[in-house]
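Undergrad: okay, predicted coordinates and the sequence, questions at the end:
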Amino acid sequence: MPAPDVGALVAGAASRSASGEIGALKSLAHARVYLLHGKDDALVAPAVAEAGARFYRQLRDGTPGLKGMRVHDDGQRAFAHNLPVAGEGDDCGKSVAPYLGHCGFDAAGEIFAQMFGKPARAATEARGELRTFDQDALRPGGADAFMAATGYVYLPPDCLAGKPCGVMVAFHGCRQNVDAVGKAFVEDAGFNRWADVYGVAVLYPQTRASFAPLNPQACWDWWGYSGADYDSRHGVQLRWVVNAARALGLPAGH
C-alpha cells in the first residue's frame, strides 16, 4: 500500500524510451500481453497485479501506433502463488515447492494460445529433447550476469528436424530454479507439450542464488541486485537473454 502509480510508470516508460534507456515503444505495436494472477495469491497483492494490467492498457491507449497491442487480464482464477498446471491436486491453493499448482487449468496451454493463436491440435506428451548448455559462455562482455553454470532448452521434433521454429523464453520464479526444485519447472510446467504443437523452442535460463549480492532465493533481478541499470536495455541479465536468443538463431538487430 498504496497501489502503484500507473500513470507515473507509463510516463516513466515514455521518458526512458525517448532517451534510449529502454527500447522504442513502437516495437510493442503487435505485442500480445497476457497477465495471469491467482485471486488467492497471498504473496503478490491483487492491486499490484491489476496495476500491471492497467499499465499496459494505458500505454496502449496513450501511445501513438499501439492501438493493435492486445492486453488480456486473467486475474479471477482461484489459485495461490504458483503456476497452474493441468491435473487436480491439493496444492492449488498453496505456495509450496515446486510452485506448480494442480488446479485443473493448463496455464502453459493458455499462454501459448494467447501468444500464438489457437492450437492446431491437442497437446500430448512432449516428444522432443531437453538439452543443457553452458550459460557462462553467453556472459555479455564477460560480465557476471548472476546465472547458474547450466541452462536448459527444449527442442520439439520439428525443430530438431531442421524446420524454422519460434522461441519462447520461460523465466522460472523465485526458488523455482533447477538447483532448488530439480527439473520440475523445465519438465512439468506444461510448456514442452505445447511447444511440440506450435513448433516453438523453449529456453529455460537459470539464475543462481547468492548472498553477495543478496539473492538467496535465486530470483530474476526485479529490484537491482545486478546493478542500477537492471531494468534497462543495459542490464546485464537482459543482455544475457539477448545473447541466448541469438545463440538459438535470432538475427542480430532483433
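TA: Sure thing, it's come through.

Undergrad: do I have it right that Ser95 meets Ala42?
TA: Yes. The pair Ser95 / Ala42 is scored as a contact, 7.1 Å apart, by C-beta atoms under 8 Å. Heads up, the C-betas are built off the backbone N, CA and C, glycines and all.

Undergrad: helix/strand/coil for the nearest residue to Arg121 once chain neighbours are set aside?
TA: For Arg121, ignoring the flanking residues on the chain, the nearest one in space by C-beta to C-beta, 6 or more residues apart in numbering is Val197 at 5.9 Å. What DSSP: H, G, I helix; E, B strand; the rest coil gives for Val197 is helix.

Undergrad: and Val197, what does it touch?
TA: Under the criterion of C-beta atoms under 8 Å, 6 or more residues apart in numbering, the neighbours of Val197 are Phe112, Pro119, Ala120, Arg121, Ala122, Ala123.

Undergrad: do you know the pLDDT at it?
TA: With respect to pLDDT, Val197 scores 98.

Undergrad: re the thing from before, filter the contacts of Val197 down to the ones in helices?
TA: Counting by DSSP state H, the contacts of Val197 place Phe112 in helices.

Undergrad: how near is the closest residue to Leu214 other than its chain neighbours to His81?
TA: Of all residues not flanking Leu214 in the chain, Tyr225 sits nearest, at 6.5 Å (C-beta to C-beta, 6+ apart). Distance, Tyr225 to His81, by C-beta to C-beta, to the nearest Å: 21 Å.

Undergrad: then Ala123?
TA: Ala123 is 25 Å from His81, by C-beta to C-beta.

Undergrad: quick one, strands of the stretch 101-250 of the chain?
TA: Taking DSSP state E, counting those that start in this stretch to define them, one finds strands in the stretch 101-250 of the chain at 129-134, 150-155, 166-169, 200-204, 210-211, 214-215.

Undergrad: tell me the most buried of those strands?
TA: Among the strands of the stretch 101-250 of the chain, ranked by average contacts under mean count of other C-beta atoms under 10 Å, first place goes to strand 200-204 (a mean of 22).

Undergrad: the helices in the stretch 51-200 of the chain, which residues?
TA: With helices called from DSSP state H, counting those that start in this stretch, the stretch 51-200 of the chain shows them at 107-116, 157-160, 178-181, 184-188, 191-198.

Undergrad: I'd like these as a markdown table, with distance to Asp144 appended.
TA: Shown next, in a markdown table, are the helices of the stretch 51-200 of the chain (distance: least, C-beta to C-beta, whole Å):
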| stretch | distance to Asp144 |
| --- | --- |
| helix 107-116 | 30 |
| helix 157-160 | 30 |
| helix 178-181 | 17 |
| helix 184-188 | 23 |
| helix 191-198 | 28 |
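
Undergrad: out of these, which gets nearest to Pro140?
TA: Pro140 sits nearest to helix 178-181 of all these, at 21.9 Å, using C-beta to C-beta.

Undergrad: list the contacts of the closest one.
TA: Applying C-beta under 8 Å, 6+ apart, the contact partners of helix 178-181 are 97-99, 148, 150, 152, 175, 185-186, 206, 208-209, 217-218.

Undergrad: from these, which would you call buried?
TA: In terms of neighbour count (16 or more other C-beta atoms under 10 Å), the buried residues within the contacts of helix 178-181 are Pro98, Tyr99, Ala148, Tyr152, Arg175, Phe185, Val186, Gln206, Arg208, Ala209, Ala218.

Undergrad: helices or strands up against the helix or strand hosting Ala47?
TA: Ala47 is part of helix 46-62, with elements assigned from DSSP states H and E. Packing partners of helix 46-62 (3 or more C-beta pairs under 8 Å, 6 or more residues apart in numbering; DSSP states H and E): helix 6-19, strand 32-38, strand 70-77.

Undergrad: which of the ones you listed is buried the deepest?
TA: Neighbour counts (mean count of other C-beta under 10 Å) averaged over each of the helices and strands packed on helix 46-62 peak at strand 32-38, with a mean of 19.
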